[in-house]
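Engineer: Model the structure of this input:
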Amino acid sequence: MSFDEEWAQVRDGSAVRQDSAMRLNSAAASPGGGSGQPDLRTNDPGKAAAVKALETRLQPDTHKAGVVADESTNAAETAFASWATSAGLKSAHEQWAMQVKSLQARLDADKSALQGTRSGFTGFDNGLQQQWLLLQPPAAGGPQGPFVP
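Structural biologist: Numbering: from 1, shown residues only. Okay, the predicted model is just below:
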């Protein structure tokens, strides 16, 4: 049997076996809607603690470490002024300063992102609560929301 004949036979057999109904190669879906955890949750106290740690420890300590390195490296550069080592120290010092500045910017960005996330979730929750309050039937004391005649 030639290749073309064998290929035609395989192709024809495949066409006969092909099912026109759609079939997914996965397990059956679980009953009910959605999957995973039922609610979106946020850890507001955790975010507040992270912002506080950034403000009170990480950012000040990063700044202090940068200053200490500046002082000691400047002293070493001066001490080795007539040596080739001074140029190497100066180059390393410039790189260190750029890295400290980059780290401080990253910490600022992380702090801002955490604060923005906190306020975003809080604002969204408050807005949603206000919308739900408008949908409640009027209280005994008087009209409220869209149920007002």
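
Engineer: Which pLDDT value goes with residue 38?
Structural biologist: You'll see residue 38 listed with a pLDDT of 64.

Engineer: Kindly apply the preceding question to residue 97 instead.
Structural biologist: At residue 97, the pLDDT recorded in the model is 90.

Engineer: Could you list every helix and strand in contact with the helix or strand harbouring it?
Structural biologist: Element membership for residue 97, per DSSP states H and E: helix 84-135. Using 3 or more CB pairs under 8 Å, 6 or more residues apart in numbering; DSSP states H and E as the contact test, the elements touching helix 84-135 are helix 44-53, helix 59-79. All C-beta atoms are positioned from the backbone trio N, CA, C, and that covers glycine.

Engineer: Make a markdown table out of those and add mean pLDDT, distance to residue 108 and mean neighbour count.
Structural biologist: As requested, the helices and strands packed on helix 84-135 are exported to a markdown table (pLDDT from 0 to 100; distance: least, CB to CB, whole Å; neighbours: other CB atoms under 10 Å):
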| stretch | mean pLDDT | distance to residue 108 | mean neighbour count |
| --- | --- | --- | --- |
| helix 44-53 | 90 | 11 | 13 |
| helix 59-79 | 88 | 8 | 13 |
